[in-house]
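J.: I would like the atomic coordinates for the input below:
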Amino acid sequence: MVDVIQELGHLEKLAKEDHEKRFNRLYRLLRQEQFLAYARASIAGNKGAHTPGIDGQTIDDITPKEITKLCQELATGKYQPQPVQRRYIPKRSGKLRPLGLPASREKVIQSGVALILNALYEPLFLNCSHGFRPKRSPITALRQVSNAYRAGATWIIEGDITDCFGSLPHQVILNCLRKRIRDERFIDLIRKMLQAGVMEDGYFITTYSGAPQGGIASPILSNIVLHELDCWMESQMGANPPAESSQDKNARSNPDYMRLHYRICDIRRYLDGKRPMPRGATPEELRQELREKLRLRRLQPRSLPRRVVFYSRFADDFVVVLCHHSKAEARQVKAAIATWMQTHLGLTLHQEKTHITHWRKLLRFLGYNLEGRQNPSGTGWLHLSVPKDAVRNVVAKIKRATAYSQAPEYDVFTNVNAVARGWSNFYRYAHDNNVVGGKLSTVIYWRTAHYLGKKHRCSIAKMMRKRYARSSKTGCKALFTHKPGKPATPENRYFIWHKTLPRLSLASATTCGVQDKQTYIDTGWAKGRSRHKRCETRERGENKCQSCGTSDDDLFVHHPKRLRNAKRVKKGAGHVAQSGLTQQTKLLCYSCHLAHHHGNPCQ
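T.: The predicted structure follows:
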């Protein structure tokens with residue numbers, strides 16, 4: 001594994017040193033068994049890796065023997081990608097988004113391709129690109145937009161590309177790759193992946209354009225194509241100019257502001273005794289004049305307007321901020337972008353989602369509501385707020401997590417905490433963070449209180465006397481449950497989410513780690529696989545295999561009764577969950593766990 005990491009680091013180093021260099025012998029690196037094993041390990045922990053494709057296999061079925069077979073097929077040129085399985089998920093607008101799920105073998109190959117492309121192109125990408133990149137997030141894109149608002153925004157172009165992943169022409173993708181890659185066998189492999197086709201409802205559909213949304217290599221391929229748009233915006237449209245020098249800033253100084261500023265400095269020197277008091281002036285008169293000059297200075301901008309264009313992109317959504325431009329000029333810029341994209345990339349702007357908005361109007365970008373505000377001096381700044389539909393969505397998740405009284409307490413508490421913590425971490429940069437967070441904590445409290453009352457068949461007042469205490473971490477009172485398998489002591493209390501996180505500024509250094517990930521609710525308890533049961537089993541086993549007695553930190557909780565094959569269990573989630581809670585689980589090491597499942601833990 002160390003050799004693979006060193007090889008990728010060497011590629012990235014060469015890419016940083018020479019942005020014009022074309023690389024060869026990439027296919028030879030990809031077909032190495034050690035490299036494919038590293039590519040498999042890099043995606044093994046992802047949730048999507050355990051979703052079966054057209055072959056019905058998951059990442060667990062890709063054994064070392066299967067990796068060896070893949071290497072042989074790549075070396076002999078016999079490897080042929082399988083079609084992707086198409087599924088649909090609902091979008092915010094009510095429409096369906098098509099997803100392409102590759103087979104497990106293709107996931108490993110695409111992971112290796114993505115590793116190589118990331119090493120080659122990450123040093124090449126511009127700072128205005130924020131989607132699907134390490135140490136980048138929606139918050140870093142919003143930070144760039146916020147700086148543009150402070151520069152004097154007048155009109156905003158909200159850009160959205162129509163079906164970006166599905167309409168990328170294959171020839172455009174391959175031509176962009178050839179600018180950086182000279183290995184035709186590596187490019188031909190990517191061509192085969194793009195033209196593998198789609199299986200939908202048992203029918204094969206040939207793909208003539210696009211990269212499957214859901215594929216591991218699709219995000220980096222879309223970034224490579226849209227990198228051409230980034231370069232054109234900065235080179236031809238003059239977007240994102242370098243920072244001004246001190247001389248340029250001084251040249252744009254507002255004369256009215258500087259006149260007031262110099263007079264304020266003189267008055268302060270008189271009052272401090274650094275200069276002799278003017279003849280006929282009294283300290284009280286100077287203090288009154290100082291207050292008036294400070295009031296007038298606050299109403300004056302520090303610098304004169306600067307005509308500049310800022311551009312920020314996250315995946316296929318982008319924003320163009322025009323500073324001190326007219327609306328007619330904004331229309332010209334929008335038309336120029338649409339024409340260039342259609343001519344050079346074969347992509348079209350979504351007419352319904354691409355708007356020209358005044359900087360004081362509300363717009364939606366990357367999950368936040370953006371609205372321009374103005375200081376008394378006339379300088380603008382960006383106000384962030386949480387959209388109402390985002391609040392409704394998280395409340396619906398909380399209601400779903402607390403809807404079933406038969407669910408174990410620990411599972412409900414961990415689900416609610418995961419949803420609330422992830423949502424509040426993403427929206428803690430909003431200016432109404434405290435208001436929305438307070439409302440969310442109220443919803444969580446009452447939903448959890450009603451859940452506990454139904455589960456224990458008691459009133460909320462009676463339940464409060466038993467399950468309401470002060471948290472030692474936050475110092476606030478909240479509902480709690482006890483960690484399973486441990487004594488019911490104050491040290492083993494597990495509290496529900498109850499305190500709003502303090503708001504962070506977009507200028508905070510912690511913005512790089514924020515990711516826009518949808519938190520999902522674990523419903524394993526409904527199939528007899530609750531977290532409560534797993535924790536109890538681990539505490540009872542004391543980190544020892546109950547079959548061979550081996551002490552190990554990496555042990556598996558084995559469910560001896562397979563509920564999906566049970567004939568006596570009544571239908572319904574409640575009966576299945578009850579049967580799952582009463583069955584006797586075991587703590588086993590990897591070898592014993594594999595032996596219980598006859599060599600296949602997925603059976």
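
J.: So what would you say the end-to-end distance of stretch 469-481 is?
T.: Terminal residues of stretch 469-481 lie 10 Å apart, using Cα to Cα, to the nearest Å.

J.: for stretch 115-130, same thing?
T.: 18 Å.

J.: which stretches of the stretch 351-500 of the chain form strands?
T.: Ranges of strands in the stretch 351-500 of the chain, per DSSP state E, counting those that start in this stretch, are 355-358, 363-365, 368-374, 380-385, 468-470, 477-482, 493-495.

J.: who touches the second one?
T.: Spelled out, it's strand 363-365. 142, 145, 156, 158, 317, 319, 355, 357, 369-371, 387 (Cβ atoms under 8 Å, 6 or more residues apart in numbering). All C-beta atoms are positioned from the backbone trio N, CA, C, and that covers glycine.

J.: Buried ones in the helix or strand where residue 141 lies, by neighbour count?
T.: Using DSSP states H and E, residue 141 sits in helix 138-150. By 16 or more other Cβ atoms under 10 Å, the buried positions in helix 138-150 come out as 138-146, 148-149.

J.: before we move on, what about stretch 246-255?
T.: For stretch 246-255, using 16+ other Cβ under 10 Å, the buried residues are residue 254.

J.: Show the end-to-end separation of it, please.
T.: Terminal residues of stretch 246-255 lie 16 Å apart, using Cα to Cα.

J.: contact partners of that stretch?
T.: 244, 300-304, 306.

J.: before we move on, what about stretch 266-274?
T.: 275-278, 281, 283, 286-287, 289-290, 293.

J.: which pair in the residues you listed spans the largest distance?
T.: Taking Cβ to Cβ as the measure, the contacts of stretch 266-274 span a maximum distance of 19.9 Å, between 276 and 293.

J.: rewinding a little: residue 84: which of the strands of the stretch 351-500 of the chain is closest?
T.: Using Cβ to Cβ, the strands of the stretch 351-500 of the chain put strand 363-365 closest to residue 84, at 30.1 Å.

J.: Sheet partners, orientation included, of the closest one?
T.: Strand 363-365 pairs in its sheet with strand 368-374 (antiparallel), by DSSP bridges.

J.: Mind checking the pLDDT average for the strand it pairs with?
T.: Throughout strand 368-374, pLDDT has a mean value of 92.

J.: Then stretch 405-420?
T.: 88.

J.: and that stretch, how far from the chain's centre?
T.: Relative to its parent chain, stretch 405-420 has a centroid offset of 23 Å by Cα atoms, centre = their mean, to the nearest Å.

J.: Give the buried residues for it.
T.: Quick answer for stretch 405-420 (16+ other Cβ under 10 Å): 407-420.

J.: okay, that stretch in PDB with CA atoms only?
T.: Taking C-alpha atoms only, stretch 405-420 is exported to PDB below (Å, rounded to 0.1, in the frame of the first residue of the first chain):
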ATOM      1  CA  SER A 405     -43.000   3.300  20.300                       C
ATOM      2  CA  GLN A 406     -41.600  -0.300  19.800                       C
ATOM      3  CA  ALA A 407     -38.300   1.000  18.700                       C
ATOM      4  CA  PRO A 408     -35.400   0.700  21.300                       C
ATOM      5  CA  GLU A 409     -34.600   3.900  23.100                       C
ATOM      6  CA  TYR A 410     -30.900   4.000  22.200                       C
ATOM      7  CA  ASP A 411     -31.700   3.600  18.500                       C
ATOM      8  CA  VAL A 412     -34.200   6.400  18.600                       C
ATOM      9  CA  PHE A 413     -31.800   8.700  20.500                       C
ATOM     10  CA  THR A 414     -28.900   8.000  18.200                       C
ATOM     11  CA  ASN A 415     -31.000   8.500  15.100                       C
ATOM     12  CA  VAL A 416     -32.400  11.900  16.300                       C
ATOM     13  CA  ASN A 417     -28.900  13.000  17.400                       C
ATOM     14  CA  ALA A 418     -27.300  12.100  14.100                       C
ATOM     15  CA  VAL A 419     -30.000  14.000  12.100                       C
ATOM     16  CA  ALA A 420     -30.000  17.100  14.300                       C
END
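
J.: Using the three-state scheme, assign the closest residue to residue 226 other than its chain neighbours.
T.: Of all residues not flanking residue 226 in the chain, residue 313 sits nearest, at 6.7 Å (Cβ to Cβ, 6 or more residues apart in numbering). What DSSP: H, G, I helix; E, B strand; the rest coil gives for residue 313 is strand.

J.: residue contacts, residue 313?
T.: 128-131, 141, 226, 229-230, 319.

J.: Which one's more surrounded, residue 276 and residue 293?
T.: Set residue 276 next to residue 293 and count neighbours by other Cβ atoms under 10 Å: residue 293 wins out with 17 against 8.

J.: Model confidence score at that one, please.
T.: The model's pLDDT for residue 293 equals 91.

J.: show me what contacts the nearest residue to residue 369 once chain neighbours are set aside?
T.: Nearest residue to residue 369 in three dimensions, chain neighbours excluded: residue 385, at 4.4 Å (Cβ to Cβ, 6+ apart). Neighbouring residues of residue 385 by Cβ under 8 Å, 6+ apart: 368-369, 371, 430-432.

J.: quick revisit: give me the buried entries from the contacts of stretch 246-255.
T.: 300, 303.

J.: So which of the contacts of stretch 246-255 sits lowest on pLDDT?
T.: residue 304 (74).

J.: tally of neighbours for residue 216?
T.: 24.

J.: quick one, phi/psi of it?
T.: phi -70, psi -30 (degrees, to the nearest 10).

J.: Would you confirm that it contacts residue 111?
T.: Yes - Residue 216 lies in contact with residue 111 (Cβ atoms under 8 Å); the separation is 5.1 Å.

J.: Mind listing the shared neighbours of these two?
T.: The contact sets of residue 216 and residue 111 overlap at residue 43 (Cβ under 8 Å, 6+ apart).

J.: coming back round to it: what's the helix holding residue 141 in contact with?
T.: 127-128, 130-131, 310, 312-314, 319, 321, 323, 359, 365-368, 370, 372, 379-382, 384, 426, 429, 506-507, 511-512, 514, 516.

J.: can you give me phi and psi for residue 255?
T.: Here residue 255 shows phi and psi, under degrees, to the nearest 10, equal to phi -60, psi -40.

J.: Could you check how far it is from residue 324?
T.: Using Cβ to Cβ, to the nearest Å, residue 255 is found at 18 Å from residue 324.

J.: Residue ranges in this protein under the pLDDT threshold?
T.: Low-confidence segments of the chain (pLDDT under 70): 1-2, 92-94, 509-543, 546-547, 549-550, 552-584, 586-588, 590-603.

J.: Could you point out the longest helix of it?
T.: helix 433-456 (DSSP state H).

J.: which outside residues touch that one?
T.: 386, 391, 394-395, 398-399, 402-403, 405-406, 409, 412-413, 416, 420, 423-424, 427-428, 430, 459-460, 463-464, 467, 478-479, 496-503.

J.: for it, which positions count as buried?
T.: Buried-residue list, helix 433-456, by 16+ other Cβ under 10 Å: 433, 436-437, 440-441, 443-445, 447-449, 451-453, 455.

J.: and if you look at stretch 20-30?
T.: Under 16+ other Cβ under 10 Å, the buried positions of stretch 20-30 are 23, 26-27, 29-30.

J.: Out of the contacts of stretch 266-274, which comes closest to residue 44?
T.: residue 293 (66.4 Å).

J.: Check the offset of the helix or strand harbouring that closest one from the chain's centre.
T.: For residue 293, the host element (DSSP H and E) is helix 283-298. Relative to the chain's own centre, helix 283-298 is displaced by 50 Å; criterion: Cα atoms, centre = their mean.
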